[in-house]
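Enquirer: requesting a structural model of the entry that follows:
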Amino acid sequence: AQIQELKAPKAAAETKPESAPKREDFSSYEDFVEARALHVARTEAKKELEEFKRESKKEKEDTTRAQAQKEFSNRVASVIEAGQKAYPDFDAAVNEAVEDGLIPVKGPLYEAIMDSDMGEKLVYHLAKHPAEAERINKLGPLAQIRELGKLEDKLSAKQPQRETMEPIGGRTSNTNGLRD
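Expert: Model prediction:
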């Protein structure tokens, strides 16, 4: 039913502006003047309504954009805070890399780094590995994102931990030295 409504042509009143009343369509001049005044009022009301809708839409978009910017700024702050806690030289390393142009401060790569759950690890790794950062920077935006995904996988791979071995036979010795 909804598809039918979408396919159906719009009513003529919706697609064409209402035409102004003509004098010859009225039996009395007073009826014509009244119809003309009503037409002008409706036309002005429609213009005002359309303007109001445009302004409301723009305000909503501005509010949404401001909220998204605020959330992103909060995310950047949390990445920096996490990095400072995890790495003692985080600020120095990252600032140097930013100054050298190895780590962007705007654009898709920057947004992807900051949006990552491990943004502090990514930015620190790129700061400490300038050749890799430079290689990624030279790629197109989609390839950069792919490389960040690979880097996330690499950084999140757990180092194999040694398990303590049990003695053969499952026995433990209670002696504290060599046997006599």
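
Enquirer: contacts, neighbours, all on C-alpha from now
Expert: OK.

Enquirer: wait, residue 120 sits on residue 82?
Expert: Yes: using CA atoms under 8 Å, residue 120 is in contact with residue 82, at 6.3 Å.

Enquirer: among those two, which residue is more densely surrounded?
Expert: residue 120 (25 against 16; other CA atoms under 10 Å).

Enquirer: relative to residue 92, how far out is the more buried one?
Expert: Distance of residue 120 to residue 92, computed by CA to CA, to the nearest Å: 14 Å.

Enquirer: check residue 148 too.
Expert: For residue 148 relative to residue 92 (CA to CA), the value is 22 Å.

Enquirer: more neighbours: the two, which one.
Expert: Shown here are residue 148 and residue 92; by other CA under 10 Å, residue 148 has more neighbours (19 against 11).

Enquirer: list the contacts of the helix or strand where that one lies.
Expert: Taking DSSP states H and E as the criterion, residue 148 maps to helix 141-156. For helix 141-156, contacts defined as CA atoms under 8 Å, 6 or more residues apart in numbering pick out 108, 109, 112, 113, 118, 121, 122, 136, 137.

Enquirer: the same query, at a cut-off of 6 Å, please.
Expert: residue 136 (CA atoms under 6 Å, 6 or more residues apart in numbering).

Enquirer: the lowest-mean-pLDDT helix or strand in the chain: what's the following helix or strand?
Expert: Across the helices and strands of the chain, mean confidence by mean pLDDT, DSSP states H and E is lowest for helix 12-15: a mean of 47. Downstream of helix 12-15, the next assigned helix or strand under DSSP H and E is helix 29-86.

Enquirer: please identify the buried residues of whichever helix or strand comes after that next one?
Expert: Along the chain past helix 29-86, the next helix or strand (assigned with DSSP H and E) turns out to be helix 90-99. Residues 90, 93, 94, 97 are the ones in helix 90-99 that count as buried (16 or more other CA atoms under 10 Å).

Enquirer: which residues does residue 91 contact?
Expert: Residue 91 neighbours (CA under 6 Å, 6+ apart): none.

Enquirer: which strand or helix spans residue 102?
Expert: With DSSP H and E as the test, residue 102 turns up in no helix or strand.

Enquirer: how far away is it from residue 124?
Expert: Taken as CA to CA, the span from residue 102 to residue 124 is 11 Å.

Enquirer: relative to residue 143, how far out is residue 149?
Expert: 10 Å.

Enquirer: now do residue 61
Expert: For residue 61, the distance to residue 143 - CA to CA - is 30 Å.

Enquirer: go on, residue 120?
Expert: For residue 120, the distance to residue 143 - CA to CA - is 20 Å.

Enquirer: repeat for residue 86
Expert: Counting by CA to CA, the gap from residue 86 to residue 143 is 28 Å.
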